[in-house]
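J.: Build me a model:
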Amino acid sequence: MFKLLKFIKGYRIRALLAPLFKMLEATFELLVPIVMVKLVDIGIAGNNKGYILKCGAVLIMLTIVGYLFSITAQYFAAKSAIGFGKELRKALFKHIMSLSYTEQDKSGASTLITRMTSDVNQAVSGVNMILRLFLRSPFIVFGAVIMAFLVDFETSMVFLIILPVLTIVVFGITYVCIPMYKNVQNRLDKVTLLTRESLIGVRVIRAFNRQDIERKEFGDAANVLKKSQLRVGVVSGFMNPVTFLIVNLGIAMLIKNGSVRVNIGELTQGQVIALVNYMSQILVELVKLANLIITLTKTAASFHRLSDIFDIKPGTEFPESLSEEASSESVVFHKVSMIYSDSKENSIEDISFTAKKGEIIGIIGGTGSGKSSLVNLIPRFYDICEGSLTINGIDIEKYPREELRGMIGIVPQKAVLFRGSIADNLRMSKPDATEEEINNALKMAEAYDFVNQKENGIDYMITENGTNLSGGQRQRLTMARAFVKNPYILILDDSTSALDYGTEAKVRKNLRKYSDGRITFIVSQRASSVMHADKIIVMDDGKAVGIGKHDELMKINEIYRDICLTQLSEKEGMAV
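T.: Model prediction:
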């Protein structure tokens with residue numbers, strides 16, 4: 001947990017000044033009852049108006065100086081906490097981005113979002129409160145006890161009775177609350193998950209008329225969170241009334257004992273007032289300390305949860321530089337196998353083939369056959385567990401991250417577009433792409449015509465996830481984004497599923513026209529998408545059950561032949 005405090009290093013001076021000024025403010029606060037003793041015993045008792053005004057001026061001065069110190073302390077505390085939050089968020093985001101698909105799959109998007117938002121905010125709030133109150137409150141409490149003994153030793157023995165009782169109550173309630181707050185944060189993860197899924201899948205929910213079911217499921221999760229929060233609220237709610245009761249009993253004891261001693265002349269009225277003030281200060285500071293401890297409890301839980309994310313080591317490590325030179329222009333799979341985490345069986349098993357520069361490789365198979373898993377090995381989204389995978393004769397594990405993924409262009413299964421203009425989305429693959437390069441990529445993806453029909457053309461603004469575009473338009477833009485990069489290796493992962501056969505045929509023609517300088521992988525469930533490829537890999541249950549050209553596979557491979565004949569029948573049926 002404490003390793004997260006390294007993010008405050010750049011703000012160490014401010015972090016030291018904040019509690020320093022708080023201590024100075026507390027010192028002036030402790031002096032106020034002493035001035036009150038003089039004001040009552042000398043000024044008021046002696047009807048000395050000049051002395052009263054003098055003491056009043058001193059009190060005003062103490063108040064103003066204390067206020068200035070307090071404002072200064074809060075300024076430095078806020079600057080330190082916000083700076084800590086900025087550095088923490090940057091490091092956390094960078095770390096999450098360094099994780100492979102395997103680690104991200106284990107954690108889950110909703111958990112990572114909660115860590116980046118709620119937990120970081122709680123950590124910032126905790127650091128702010130620590131800098132402001134962690135030293136001030138104990139200083140006031142013990143300082144008030146010491147000052148009370150300096151006022152009158154015998155009467156102040158009440159403090160030695162009240163203080164331990166208050167300490168037991170405060171820390172006892174806090175100890176009970178710690179696991180309860182951790183549970184609340186875990187319940188919040190569930191609510192965040194349901195919120196994210198409902199917002200992303202709102203169209204599916206409405207399509208299947210599941211609004212009521214989703215509302216009930218979300219309501220149940222929210223109720224569980226509410227009950228957890230109420231439970232911890234009830235327990236922590238005892239803090240204030242119990243502490244007030246104990247302190248008020250202490251004040252009553254002070255007044256009772258003090259009044260007796262005032263009557264016999266052993267104590268002055270001003271001293272009694274000072275002792276009551278010190279008891280009140282202890283009450284206020286212990287309540288603050290109790291709230292601080294509750295905040296620290298939440299912060300500790302968030303720190304642990306954030307540390308858990310930082311403790312996840314990236315499963316995929318990349319070297320700093322490439323030490324070998326290319327010996328060929330090809331991608332070679334040699335007895336490659338891959339297994340997903342927490343899985344007992346290989347998802348890809350014993351795959352061997354070679355893809356040469358200028359070739360188009362088609363990968364076809366049924367759902368769950370391992371097509372996408374196979375191409376995800378090339379950019380090292382997942383690592384192989386057996387065999388070897390080389391690009392241009394160099395093992396992919398020897399490529400630095402930037403160099404490996406810099407030569408690869410990917411069009412994923414799900415067409416993901418970001419809020420912004422079409423040009424901004426296409427320049428994600430190549431930030432310095434010219435308008436001419438963008439237009440050429442749009443033409444290759446058969447998206448040029450529909451983009452030009454949009455208002456402002458390539459400057460047309462896309463909403464989040466491209467919801468103001470059709471499915472086919474989104475897919476063509478994601479293809480254009482990859483084409484802008486002009487990659488050495490192009491991976492199209494079922495990226496034409498939303499296109500009609502005519503548009504898909506034009507895209508394939510464009511790919512063939514510009515395929516001389518690259519290696520292209522086309523993953524599809526459509527036979528028409530891969531039948532003209534230079535090499536077709538037929539996948540079934542994670543294995544390559546056939547490799548060859550269309551004509552060869554039609555003769556010797558039953559699975560491929562069934563796929564082709566089935567889809568041909570469907571097309572004929574549609575024609576009728």
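J.: Residue 459 contacts residue 426, doesn't it?
T.: No. Residue 459 is beyond contact range of residue 426, at 11.4 Å (criterion: Cβ atoms under 8 Å). Glycine gets a C-beta too; all of them are placed from N, C-alpha and C.
J.: neighbour count winner among the two?
T.: When residue 459 and residue 426 are compared for neighbours, residue 426 comes out ahead with 28 against 13, by other Cβ atoms under 10 Å.
J.: how close does that one sit to residue 470?
T.: 18 Å (Cβ to Cβ, to the nearest Å).
J.: cool, and residue 87?
T.: Distance check for residue 87 against residue 470: by Cβ to Cβ, it reads 42 Å.
J.: Could you do residue 123 as well?
T.: For residue 123, the distance to residue 470 - Cβ to Cβ - is 43 Å.
J.: what about these two, which has more around it?
T.: When residue 123 is set against residue 470 and neighbours are counted by other Cβ under 10 Å, the residue ahead is residue 123, at 27 against 11.
J.: helix/strand/coil for the more buried one?
T.: Assigned with DSSP: H, G, I helix; E, B strand; the rest coil, residue 123 falls in the helix class.
J.: can you tell me which residues contact it?
T.: Taking Cβ atoms under 8 Å, 6 or more residues apart in numbering, we find residue 123 in contact with 4, 84, 85, 88, 299, 302, 303, 306.
J.: Isn't the first one up against residue 306?
T.: Going back to what we said before, that points to residue 4. Yes. At 6.2 Å, residue 4 counts as touching residue 306 under the criterion of Cβ under 8 Å.
J.: Give me the residues contacting whatever helix or strand residue 442 lives in.
T.: Assigned by DSSP states H and E, residue 442 belongs to helix 435-444. Helix 435-444 is contacted from outside by 423, 426-427, 430, 433, 448, 451, 458, 479-481, 483-484, 486, 507, 510-511, 514, using Cβ under 8 Å, 6+ apart.
J.: Low-confidence regions, this structure specifically.
T.: 1-2, 568-576 (pLDDT under 70).
J.: Which stretches in the stretch 251-400 of the chain count as helices?
T.: Along the stretch 251-400 of the chain, counting by DSSP state H, counting those that start in this stretch, helices occupy 269-310, 371-375.
J.: Save the ones you listed as CSV, and put in mean neighbour count and distance to residue 49 too.
T.: Converted to CSV, these look like this (neighbours: other Cβ atoms under 10 Å; distance: least, Cβ to Cβ, whole Å):
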stretch, mean neighbour count, distance to residue 49
helix 269-310, 21, 17
helix 371-375, 22, 90
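J.: do you know which of the ones you listed lies nearest residue 156?
T.: Nearest of these to residue 156, taken as Cβ to Cβ: helix 269-310 at 6.7 Å.
J.: packing partners for that closest one?
T.: helix 12-38, helix 49-98, helix 120-133, helix 136-151, helix 157-200, helix 239-263 (3 or more Cβ pairs under 8 Å, 6 or more residues apart in numbering; DSSP states H and E).
J.: give me phi/psi at the residue sitting furthest away from the middle of the chain?
T.: Each residue of the chain has a distance to the centre, and by Cα atoms, centre = their mean the biggest one is for residue 264: 67.1 Å. In terms of degrees, to the nearest 10, the main-chain angles of residue 264 are phi -90, psi 0.
J.: Might you report the residue contacts of it?
T.: With Cβ under 8 Å, 6+ apart, residue 264 has no contacts at all.
J.: Report the buried residues of stretch 55-70.
T.: Residues 55, 58, 62, 66, 69, 70 are the ones in stretch 55-70 that count as buried (16 or more other Cβ atoms under 10 Å).
J.: List the contacts of it.
T.: With Cβ under 8 Å, 6+ apart as the contact definition, stretch 55-70 has outside contacts at 21-22, 24-25, 28-29, 31-32, 35-36, 38-39, 43.
J.: Now, of the residues you listed, which are buried?
T.: 21, 22, 24, 25, 28, 29, 32, 35, 36, 38, 39, 43.
J.: tell me the contacts of the third one?
T.: I take that to be residue 24. Neighbour list for residue 24: residue 69 [criterion: Cβ under 8 Å, 6+ apart].
J.: Residues contacting stretch 549-562, please?
T.: Here stretch 549-562 has contacts from 364-365, 527, 530-536, 538, 540, 545-546, 548, 564, using Cβ under 8 Å, 6+ apart.
J.: starting at the chain centroid, how far to stretch 379-394?
T.: In terms of Cα atoms, centre = their mean, to the nearest Å, the centre of stretch 379-394 is set 30 Å apart from its chain centre.
J.: on that earlier part again, and the contacts of stretch 549-562, which of them are buried?
T.: 364-365, 527, 530-533, 535-536, 538, 540, 545-546, 548, 564.
J.: just curious, which of the residues you listed is nearest to residue 351?
T.: For those, the residue nearest residue 351 by Cβ to Cβ is residue 545; the value is 10.7 Å.
J.: Wait, a strand at that closest one?
T.: Yes. Using three-state DSSP, the assignment for residue 545 is a strand.
J.: Which residues are in contact with it?
T.: 538, 539, 557, 559.
J.: ok, now residue 534?
T.: Counted by Cβ under 8 Å, 6+ apart, residue 534 has contacts 359, 360, 361, 549.
J.: Let me know the closest of these to residue 165.
T.: For the contacts of residue 534, the nearest to residue 165 is residue 361 (77.5 Å; Cβ to Cβ).
J.: Am I right that that closest one is in contact with residue 523?
T.: No. Assessed by Cβ under 8 Å, residue 361 is found out of contact with residue 523, at 9.4 Å.
J.: just to revisit the earlier point, just the buried ones among the contacts of residue 534, please.
T.: 359, 360, 361.
J.: Just these: which are in strands?
T.: Counted as lying in strands by DSSP state E, out of the buried ones among the contacts of residue 534, are 360, 361.
J.: For residue 397, state which of the buried ones among the contacts of residue 534 is nearest.
T.: residue 361 (21.5 Å).
J.: separation between that closest one and residue 277?
T.: 84 Å.
J.: residues in contact with residue 423?
T.: So, once contact is read as Cβ under 8 Å, 6+ apart, residue 423 ends up touching 435, 438, 458, 459.
J.: Helix, strand, or coil at it?
T.: Three-state call for residue 423 (three-state DSSP): helix.
J.: gap between residue 543 and residue 333?
T.: In terms of Cβ to Cβ, residue 543 sits 12 Å off from residue 333.
J.: Comparing those two, which residue is more hemmed in?
T.: The residue with more neighbours, out of residue 543 and residue 333, is residue 333; 22 against 17, by other Cβ under 10 Å.
J.: leaving aside the residues next to it on the chain, what's closest to the residue sitting nearest the centre point of the chain?
T.: Of all residues in the chain, the one closest to the mean position by Cα atoms, centre = their mean is residue 116, 2.3 Å from it. Nearest non-adjacent residue to residue 116, counting by Cβ to Cβ, 6 or more residues apart in numbering: residue 92, 6.1 Å away.
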